[in-house]
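Q: sequence and predicted structure below; questions after.
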Amino acid sequence: MNCEDTLNVNNVYDSAVPQVSFHASIRQYKVCPGSELVPFKSDQSYTRLLDYFTESIPKGAIKLNSEVVKIFWKGENGITIQTSNGEQMYTKFVVVTVSLGVLKESARKLFEPELPHEKIRHINLGAMGAVMKIHIEYSEPWWPTENFEGFGFVYGDVINYDEADAEKDWTRFILGMYKVLHRKNVLCMWLSGPAARKVEGLEDDRIMADLANFLRKRLSKRYPRMTDPIDLKVLGISTRHFI
């Protein structure tokens, strides 16, 4: 990994908790055994994985494009699920797996009767920041093809990592860019905090121009063959189903 400049630690993850213990993040954080990544082969995708898991499920049992807007719990009489198009489904059990962000936004109106006060309290206490992943495509790799994991960026100047800083220069929030297995022309960029929300409102051409300028300033001397990106895919963070 290549690091630029000097280290400055700040609230880059946009945590909802006012004070975050740096001691805890360094001394108490533990990495679980095994690989953090399980990459797909070049000819495979998430679609194929879903196909594999759903092969044994009867057709029609999975409903797509059906947003659940209300869950009515009726005790011994079971549960009624209502969708946004007015359809109702009846069942004995419901497993809700939405994100913490969605629960914070809709827990009080999604369930009838309302969830117990203690559950609501813990949902509201939970911290939820913004972390964005952007896949950036190049015509050909200009970075090393061997013994290379990616670029990590650290900075010598101090900023507040707030909305004003993101508005001034969102690239200042870039954490790093890393190789993507089986996608030799693609780098994956990680972005956090207010900058992630800023980027979500920008056009792709603007993002690529800002990114090209950011990389030229920091890496062009070391990598004179550097080219500008030709395409990118922003994985959004603000849709109401994944907030």
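A: Ah, there it is.
Q: parallel or antiparallel, which strands does the longest strand along the chain pair with?
A: Longest strand in the chain by number of residues (criterion: DSSP state E): strand 183-192. Next to strand 183-192 in the sheet, as set by DSSP bridges, lie strand 131-137 (antiparallel), strand 174-180 (antiparallel).
Q: a markdown table please, covering those and showing distance to residue 233 and mean pLDDT.
A: For every residue, glycine as well, the C-beta is placed using N, CA and C. Putting the strands paired with strand 183-192 into a markdown table (distance: least, Cβ to Cβ, whole Å; pLDDT from 0 to 100) gives the following:
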| stretch | distance to residue 233 | mean pLDDT |
| --- | --- | --- |
| strand 131-137 | 4 | 92 |
| strand 174-180 | 11 | 91 |
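Q: between those strands, which one is closest to residue 150.
A: Relative to residue 150, the nearest member of those by Cβ to Cβ is strand 174-180, separated by 3.0 Å.
Q: contacts for that closest one next, please.
A: 1, 12, 39, 135-136, 143, 148-153, 186-192, 195, 214 (Cβ atoms under 8 Å, 6 or more residues apart in numbering).
Q: C-alpha coordinates for it, PDB please?
A: What follows is strand 174-180, C-alpha atoms only, in PDB (Å, rounded to 0.1, in the frame of the first residue of the first chain):
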ATOM      1  CA  ILE A 174     -11.000  10.100   0.300                       C
ATOM      2  CA  LEU A 175      -9.700   7.200   2.500                       C
ATOM      3  CA  GLY A 176      -8.100   5.100  -0.200                       C
ATOM      4  CA  MET A 177      -8.400   3.400  -3.600                       C
ATOM      5  CA  TYR A 178      -7.900  -0.300  -3.900                       C
ATOM      6  CA  LYS A 179      -7.700  -3.000  -6.600                       C
ATOM      7  CA  VAL A 180     -10.700  -5.100  -7.400                       C
END
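Q: now do the helices in this structure.
A: Assigned helices in the chain, in chain order: 22-23, 46-54, 100-110, 117-125, 163-168, 194-200, 204-219 (criterion: DSSP state H).
Q: how about TSV for those, with mean neighbour count and mean pLDDT added?
A: As requested, the helices of the chain are exported to TSV (neighbours: other Cβ atoms under 10 Å; pLDDT from 0 to 100):
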stretch	mean neighbour count	mean pLDDT
helix 22-23	8	48
helix 46-54	10	87
helix 100-110	16	89
helix 117-125	12	91
helix 163-168	14	94
helix 194-200	21	91
helix 204-219	16	94
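Q: what's the burial count for residue 61?
A: 7 (other Cβ atoms under 10 Å).
Q: quick one: contacts for residue 140?
A: Taking Cβ under 8 Å, 6+ apart, one finds 185, 227 in contact with residue 140.
Q: how close does it get to residue 100?
A: 40 Å (Cβ to Cβ, to the nearest Å).
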